[in-house]
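[1] would you be able to build a 3D model of this:
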Amino acid sequence: MSRNASVVNAPELDAAGFAALFERLRGRADWGEADRRGALNYITPSTVRAAMEEVRLGRSVSLAVPVSTDVTVDNPQPWRHEMISSPADHRDEPGVHFAFDRLAMNVHGNADTHLDALCHVIYDGKLYNGVQVDAVERDGAPALSVDVMRDGIVGRGVLLDIPRVREERWLRPGDQVTAADLVAAEEAQHVQVKPGDLLFVRVGHRRRRKALGPWDTASARAGLHPTALEYVADRQVAVLGSDGNNDTAPPSGVVDFPVHVLAVNALGVPLIDYLYLEDLRTLCAQHDRWSFLCVVAPLRIPAGTGSPVNPIAVL
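    Below you'll find the predicted structure:
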C-alpha cells in the first residue's frame, strides 16, 4: 500500500459528522446505567482462558517505554527520580542500611507509557455512560477511576503493525490509520481481532524517535482516524493501545483528541498511550505470530484518572 493511500481515503469529519459518529458509537456501549467498566465487560473468564492458550514460545516482552528523567521537547515534565538515601551514603557504616528513592510523574504526558481510565475524558460536560462531571473532584475521581481495573487486565493481545503493511519504516506525523488499514493488517498478518482482545496499533513512533530524535508530539504525531473506532466497536475491543497517543495531530475534524473522546467517553474503551512495541514487533515477525497473552497491571490509585503501566506480552 502506498503511503498516501490511507490518508486520501480517510473521510473528512465536520461537526455534524463527528456528532453522529459519537452518538452511533455511544449506542454500541449499552451495559446499563450503573456500568462503570465499559469495554472491559468484553473480557470474561472464557476469554482469559482462551488467551492463556496463546502462549507457545514461553517468551515475555515489556511493552513500556523506559522511564526517563531527561527534559526533552516531547517530555517537558519527565519523571522525577529522587534518591532519598543512596547506597553510597552508607559506604563506611557497619551493619544493615537501606537505599530509598522516590518517583513522581505526569501521568498523561506525551512520552511515558500510561493507561487512561474512563474518568479521564470529559465531553460535553459528561463522562462515560453519562456520569456527571461532579463525580471528578479536585482531589481525585472516585467514579470510573483506574481503581476499577485493580484486579488487572488479562486477555488476548493482538499487534497490528501498520508501517509493515504499508512497507514503511514508520508513519509520519499527521498520518492517519483507518479501519481499512486495520483490516489490511489483519489479512497480511493472518490474525483476526476478536471480542475481548487488547488491540495494539503500531505506528512506528518510537522507531522514528530513536532515528530522528524527539519532536513536539503534542502538535505533530501519527494516530488513528476517528472513523477507525467503528472497527474497534465492531470487533468489541476491550483495550486499545498505540506506541503514539492513539490520536493524530493535528486532529482530524473539529474536535481535539477525537479518538480519546470516542474510545473512552463514547465506547468505554480504556486507552494505553505511548507503548513501546519494537521488541514485540520483532518477536512477532520472527515467528509470524501476532497474538499473545497480555497482562496489564495498573497501580491501585483509588481516585486516579490513569496510571503508569508496564504491560507484559507473553508469546
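[2] show me the domain layout of the chain.
    Taking automatic domain parsing as the reference, the chain has its domains at 5-65+111-314, 68-104.
[3] after the top strand by length along the chain, which helix or strand is next?
    The longest strand of the chain (DSSP state E) is strand 153-161. Counting by DSSP states H and E, the next helix or strand C-terminal to strand 153-161 is helix 162-166.
[4] ok, residues contacting that next one?
    Helix 162-166 is contacted from outside by 1-3, 6, 169-171, 177, 181-182, 184-185, 188-189, 201-204, 207, 281, 285, using CB atoms under 8 Å, 6 or more residues apart in numbering. Yep, even glycine has a C-beta here, placed from its N, CA and C like the rest.
[5] and those residues, which of them are buried?
    Among these, those classed as buried by 16 or more other CB atoms under 10 Å are 6, 170-171, 177, 181-182, 184-185, 189, 201-204, 207, 281.
[6] and those residues, which is the shakiest by pLDDT?
    By pLDDT, Ser6 ranks lowest within the buried ones among the contacts of helix 162-166, coming in at 45.
[7] strands along the stretch 1-150 of the chain, start to end?
    60-62, 80-85, 100-104, 114-116 (DSSP state E, counting those that start in this stretch).
[8] mind checking how far the host helix or strand of Leu182 is from the chain centre?
    In this structure, Leu182 is located in helix 179-189 according to DSSP H and E. Offset of helix 179-189 from its chain centre (CA atoms, centre = their mean, to the nearest Å): 19 Å.
[9] for the chain, list the residue farthest from the centre, please.
    If you look at how far each residue of the chain sits from its centre, by CA atoms, centre = their mean, the farthest one is Pro94, at 47.2 Å.
[10] give me the pLDDT for that residue.
    pLDDT, Pro94: 88.
[11] what does Asn4 give?
    Asn4 carries a pLDDT value of 44.
[12] go on, the one 3 residues further on?
    On pLDDT, Val7 comes in at 48.
[13] swap in Met83?
    At Met83, pLDDT is 84.
[14] relative to Leu103, how far out is it?
    As for Met83, its distance to Leu103 is 11 Å (criterion: CB to CB, to the nearest Å).
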